[in-house]
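# quick one, structure for this:
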Amino acid sequence: MPTATQWTLSGDVRAELESLARSNRGRADEARRARIILLLVNGHSYSTICERIDCTPQTVATWKARFEADGVAGLRGRHRGSKPRVLTPQLEARILSWTRKPPTDGTTHWSTRRLGEQLGVPHMIIARAWRRAGLQPHRLERYLRSTDPNFERKAADIIGLYLDPPQHAAIFCVDEKTAIQALDRRDPVLPLSPGRAERHGFEYVRHGTLSLYAALETQTGAVLGKTAVRHTSDEFVAFLDQIVASQPRDREIHIIADNLSAHKTAKVLAFLEAHPNVELHYTPTYASWLNQVELWFAKVKRDLLTRGIFTSVSDLARKLRRFITKYNERAKPVRWAYADPSRRIS
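Numbers count the residues shown, from 1 in each chain. Alright, predicted model coming up:
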């Protein structure tokens, strides 16, 4: 361990060191180095200085040598940090161009740090450029393109039923939600409390599945529901009978459904022949989003099924019927509108 150092400082140098060591406005690292030099000047050993300043002997030796060579100026840091980078239009264009290209390191998308390393700029510059351009490489959205050659005609037919329905006619959006699982939990549910979310056990018990048929009346928003063990053509026809029975005799009924094979069987065609007041409208292929009942199914999943606990299939059916009853007490029709008026279906 190096021994203490005997120095003689002029009054001005000592005053400058003491001022630097006491300063609350300057850099903390420079004040720390000034205290090291003052302790050395006062004859303290390296071990004492390391204990008081919480540093290593190498640190003491380094700043002693700097002070002997350059005086107080030697205690100033020599690394002033990297040069500030400005997001110029040229740099921003380069960043956006690279962002739209696939990465070169085998990953699927850029991160701010990986692109910053590639271009040699700070990652916050990359983040600023992405924020200005609205780019989010970490996000991914999926879409489903309809391959139906008659998409325009079928979509216009269904949207016309929503926006300009036939007078005195009933419009129903029909579909089934299949294989709804009656899931029970092995462990008790821990209810929410301040600062803690509701918690469910990871393990579950599967009691079976159930299908739910639903018909949403577009004028009122009310839902007619029916549960079934299986989703077959017979069950679909039975549900159509239930819809017809809910309306006045011979009232014109338009039913919107998707292209499921169970909706196009010979039994369904026979039902339509026996009920000339009922007309079935099929959505275009891969365009179930045109069916308003899908919005209601999403609500059922969000408000009941995702966190629901069902002790049996009959318990699931009972809670589904209760949900429909309570929903119909405050049902409202869907306000169907285009998000982009410039893209209208003729």
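# when you work out contacts or count neighbours from here on, use the C-alpha atoms and nothing else.
OK.
# hey, where'd the helices end up in the stretch 1-150 of the chain?
Using DSSP state H, counting those that start in this stretch, the helices of the stretch 1-150 of the chain run over residues 11-22, 28-41, 46-53, 57-70, 89-99, 112-119, 123-133.
# most tightly packed of these?
Comparing the helices of the stretch 1-150 of the chain by mean neighbour count (mean count of other Cα atoms under 10 Å), helix 28-41 ranks first with a mean of 20.
# now the helices of the stretch 1-150 of the chain in TSV, with distance to residue 330?
Converted to TSV, the helices of the stretch 1-150 of the chain look like this (distance: least, Cα to Cα, whole Å):
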stretch	distance to residue 330
helix 11-22	72
helix 28-41	66
helix 46-53	72
helix 57-70	75
helix 89-99	48
helix 112-119	48
helix 123-133	42
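# so, low pLDDT: which residues of the chain?
Low-confidence segments of the chain (pLDDT under 70): 1-7, 80-84, 338-346.
# quick one on the thing from earlier: quick one, which of the helices of the stretch 1-150 of the chain gets closest to residue 184.
The minimum distance between residue 184 and the helices of the stretch 1-150 of the chain falls on helix 112-119, with 43.5 Å, by Cα to Cα.
# packing partners of that closest one?
If you count contacts as 3 or more Cα pairs under 8 Å, 6 or more residues apart in numbering; DSSP states H and E, helix 112-119 packs onto helix 89-99, helix 123-133.
# check the offset of that helix from the chain's centre.
A distance of 24 Å separates the centroid of the chain from that of helix 112-119, by Cα atoms, centre = their mean, to the nearest Å.
# kindly report the same for stretch 35-50.
With Cα atoms, centre = their mean as the basis, stretch 35-50 stands 57 Å off its chain's centre.
# can you pull the contacts of the closest residue to residue 283 other than its chain neighbours?
Distances taken as Cα to Cα, 6 or more residues apart in numbering put residue 258 closest to residue 283, at 5.1 Å, once the chain neighbours are dropped. Residues counted as contacts of residue 258 (Cα atoms under 8 Å, 6 or more residues apart in numbering) are 175, 282, 283, 284, 285, 288, 291.
# in PyMOL, select just the buried ones from those.
Selecting only the buried entries of the contacts of residue 258 in PyMOL, with 16 or more other Cα atoms under 10 Å as the criterion:
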select buried, resi 175+282+283+284+285+288+291
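# in strands, which of the contacts of residue 258 appear?
Mapping the contacts of residue 258 onto strands (DSSP state E) picks out 175, 282.
# now the contacts of residue 258 as JSON lines including distance to residue 114?
Shown next, in JSON lines, are the contacts of residue 258 (distance: Cα to Cα, whole Å):
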{"residue": "175", "distance to residue 114": "47"}
{"residue": "282", "distance to residue 114": "49"}
{"residue": "283", "distance to residue 114": "45"}
{"residue": "284", "distance to residue 114": "43"}
{"residue": "285", "distance to residue 114": "41"}
{"residue": "288", "distance to residue 114": "40"}
{"residue": "291", "distance to residue 114": "43"}
